[in-house]
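[1] my questions concern the predicted model and sequence given below.
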2 protein chains.
Amino acid sequence: MILSHGTLTFPAAPLDTARSMMRDLAAQTRTEPGCLLYQVSENLETPGGFIISEQWESMDAMQVHLNQPEVGELVEKVKGMGVNDLSITAWSAGEATKIM
Amino acid sequence: MILSHGTLTFPAAPLDTARSMMRDLAAQTRTEPGCLLYQVSENLETPGGFIISEQWESMDAMQVHLNQPEVGELVEKVKGMGVNDLSITAWSAGEATKIM
């Protein structure tokens, strides 16, 4: 399984627009093969900051997602809205521990 | 490194109170030994839903955090506020891939 943590900050864009875009991305992505979890959330400490939490069956499945033209277009769109810190890192998941 | 993803939903509590508690938890936890990342965020699709994204140097460091009395007290407090779905899973991180 793949775990991914992504962050981006909209410095000035209308946040309602950003929220709507993030919700649409999440709803679409969860329909894609191999997507186990895709949650979009708003950082409580960073105004305009959003977090993308992903889980995928495999890196292949995540790459199919990333290679879609729509994803590239969305990346360009948010850059055009002033986002210049988009960062996503994925890890292969090792041993899991259920904490609570 | 340890990666952790946690979720909880406040079904009815005043969300400003929940947000403030989550922010305080994050600020405190980031001062603890071995804490690499501790972000609290609000799920854009789940009213009252919050996400805790954590990275720790080791499971030992995370366990020291979890074993603090203050953490247990906070868990009991949020349960008293109606949270009945608190879920946290941690994984040892395997190979990392910088996606963006």
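    Good, I have the coordinates.

[2] by residue count, what's the longest strand in chain A?
    Scanning chain A for the strand with the most residues, using DSSP state E, yields strand A:87-98.

[3] quick one: average confidence on it?
    For strand A:87-98, the per-residue pLDDT values average out at 97.

[4] my read: A:V64 touches A:W56, true?
    No: taking contacts as Cβ atoms under 8 Å, A:V64 lies outside contact range of A:W56: 9.4 Å. Where C-beta positions appear, they are placed from N, C-alpha and C, glycine not excepted.

[5] compare neighbour counts for these two and give me the winner.
    A:W56 (25 against 15; other Cβ atoms under 10 Å in any protein chain shown).

[6] that one: what's it in contact with?
    A:W56 makes contact with A:1-2, A:4, A:34-36, A:62, A:65, A:90 under the criterion Cβ atoms under 8 Å, 6 or more residues apart in numbering or on different chains.

[7] if we can go back for a sec, anything in contact with each of A:V64 and A:W56?
    Counting by Cβ under 8 Å, 6+ apart, the shared contacts of A:V64 and A:W56 are A:G34.

[8] in chain A, mark out all the helices, start to finish.
    In chain A, the helices defined using DSSP state H lie at A:15-29, A:59-66, A:69-80.

[9] adding distance to chain B and mean pLDDT as columns, could you present these in TSV?
    Shown next, in TSV, are those (distance: least, Cβ to the nearest Cβ, whole Å; pLDDT from 0 to 100):
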stretch	distance to chain B	mean pLDDT
helix A:15-29	5	97
helix A:59-66	7	98
helix A:69-80	7	96
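
[10] can you redo the ones you listed as TSV with distance to B:T9?
    As requested, those are exported to TSV (distance: least, Cβ to Cβ, whole Å):
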stretch	distance to B:T9
helix A:15-29	17
helix A:59-66	27
helix A:69-80	28
